[in-house]
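> Structure of the sequence below:
(one chain, ligands or ions: 1)
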Amino acid sequence: MKTGSKVFEARAHGRVNLIGEHTDYNGGWVLPTAIPQSTRVRLSPRSDKRVLAKSRRETAQFEIGQEKMMNSWIDYLQGATDQLIKKGHRVSGFDVEIESSVPMGSGLSSSAALEVSFLKAARDAFDLNLDDLEIARIGQRIENDFVGARVGIMDQMACSLAKEGEALFLDTVDLNYERIRLPLETAELLVINSGVAHRLAAGDGGYNQRRAECEEACRQLGVAQLRDLSMHEISRLEELPELLRKRARHVVTENERVHEAVKALRENDLEKLGRLFYASHDSMRNDYEVSIPEIDFLVKACALRAGVWGARLTGGGFGGSIVALVARGQAGEVARGVVREYFKQFGLKASVLVPQGEGDQ
Ligand code: GLA
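Residues are numbered from 1 along each chain as shown. Alright, predicted model coming up:
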């Protein structure tokens, strides 16, 4: 950091999605919550156009107005300044330090946490007229237009607005949301990172391909988005070829599960919520085909342990993490057992991210 210049600091938490996967870019509903791990940005404006960025391991630089993909974490900052300028905001160069405890490739929104924490620090540093919702929208544009990942808006909304201890029940069309309290007196969340990194960026294929399949399903069904199909109309999916039918069936049933999960949370019905977790996982594995054997193993290993109501793959898939709903006080023991079995099976070290302090971070 340049001595004497003013430092603007902001932080954004990673997120774990409880249920509602691959629904956001289909106009559906999602239910993420914040995790304790976060990204912190310390930004200090400069008088020229240079950006000097420092993370724990690397330094990188670029010039405002000359942003170009470098296939590294710096692209999220480049995408941010590129978007800000395109929207008519005035930003100068800056020095920036980034520190993050959200593991990359874990399916817990490390990139959205970087985008949001950076945009919040830039908002303060350059007096930008942006609210938290607009920050989420810009974050999504960074991914869609700069990085080339056609993601929905869940992660950026969660990193910008979600809090620990409550889930953000979000309608991804109008961005209305409700905060739903989590029953942490009786239950706790367990989040385990498989250590198999997933990637959403352009070229990696699977995520963007799923999105294209959903668009094709809409085209063939004559609907604007899959949100427009309710469970009552699920028989219409018979019109589709098998692959598209499976993809669409996941989205339609997952939307229903989000609403059911919110109901279960309101009624404190944790058994039902757990069943919805398992059903969501099965749908992601069989119909959406975004799970991998390592993740399936983690979910199953959880399911076989006492005190676990439900478990599922969380995030975009093709690697990443699982989330489980566990009786209060038992997550540590479940986690240790599952991590041990996973190592025996795959020779891989899974890390327990929630609760913090259980196993390796
Ligand atoms: C990634 C994307 C989100 C969402 C999830 C799947 O996290 O960034 O927009 O589509 O995958 O639910």
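
> And the strands in this structure, which stretches?
Secondary structure of the chain (DSSP state E): strands at 8-17, 29-30, 32-45, 50-54, 59-63, 94-100, 166-171, 177-181, 187-193, 308-314, 321-327, 351-354.

> between those, which gets nearest to the ligand?
Smallest distance to the ligand across the strands of the chain (CB to the nearest ligand atom): 5.9 Å, for strand 8-17. All C-beta atoms are positioned from the backbone trio N, CA, C, and that covers glycine.

> which one of the strands of the chain lies closest to L243?
Smallest distance to L243 across these (CB to CB): 19.7 Å, for strand 308-314.

> report the angle between the axes of that closest one and strand 8-17?
Angle between the axes of strand 308-314 and strand 8-17 is 120 degrees (criterion: axes from the mean of the first three to the mean of the last three CA atoms, to 10 degrees).

> mind listing what strand 308-314 pairs with, with the direction of each?
Paired with strand 308-314 in the same sheet, following DSSP bridges, are strand 321-327 (antiparallel).

> what does stretch 280-300 rub up against?
The contact list for stretch 280-300 (CB atoms under 8 Å, 6 or more residues apart in numbering) reads 19, 21-22, 192, 194-196, 206, 210, 246-247, 249-250, 253-254, 257, 278, 311-313, 316-320, 322, 324, 338, 341-342, 345-346, 348, 350.

> what about this structure, any weak spots by pLDDT?
The model of the chain has pLDDT under 70 over residues 1-4, 199-204, 359-361.

> Would you tell me which helix is longest in it?
For the chain, the helix with the greatest residue count under DSSP state H is helix 242-266.

> name the helices or strands packed onto that one?
Secondary structure elements in contact with helix 242-266, counted by 3 or more CB pairs under 8 Å, 6 or more residues apart in numbering; DSSP states H and E, are strand 29-30, strand 166-171, strand 177-181, helix 206-221, helix 270-286.

> of all of the stretch 251-361 of the chain, which residue lies closest to the ligand?
Scanning the stretch 251-361 of the chain for proximity to the ligand using CB to the nearest ligand atom identifies G316 as nearest, at 3.1 Å.

> What separation do you get for that residue and Y288?
10 Å (CB to CB, to the nearest Å).

> overlap in contacts of these two?
The contact sets of G316 and Y288 overlap at E21, H22 (CB under 8 Å, 6+ apart).

> how about the helices in the stretch 1-150 of the chain?
In the stretch 1-150 of the chain, the helices defined using DSSP state H, counting those that start in this stretch lie at 74-86, 110-125, 132-141.

> Hmm, G107 and the residue of the stretch 251-361 of the chain closest to the ligand touching each other?
Yes - if you go by CB atoms under 8 Å, G316 and G107 touch, sitting 6.2 Å apart.

> Now do the shared contacts for those two.
Shared contacts of G316 and G107, defined by CB under 8 Å, 6+ apart, comprise H198.

> Those two: which has the busier surroundings?
The residue with more neighbours, out of G316 and G107, is G107; 31 against 24, by other CB atoms under 10 Å.

> residues contacting the more buried one?
Listed by CB under 8 Å, 6+ apart, the contact partners of G107 are N193, H198, L313, T314, G315, G316, G317, G319, G320, S321.

> ok, now with 7 Å
H198, T314, G315, G316, G320, S321 (CB atoms under 7 Å, 6 or more residues apart in numbering).

> quick check: domain ranges of the chain?
Domain ranges of the chain: 8-181, 187-360, per automatic domain parsing.

> What separation do you get for the closest residue in space to V151 that isn't next to it in sequence and G205?
Excluding its sequence neighbours, the residue lying closest to V151 (CB to CB, 6 or more residues apart in numbering) is E143, at 4.8 Å. E143 sits 15 Å away from G205, going by CB to CB.

> More neighbours: which of the two?
The neighbour count for E143 versus G205, taken as other CB under 10 Å, is higher for E143 (25 against 11).
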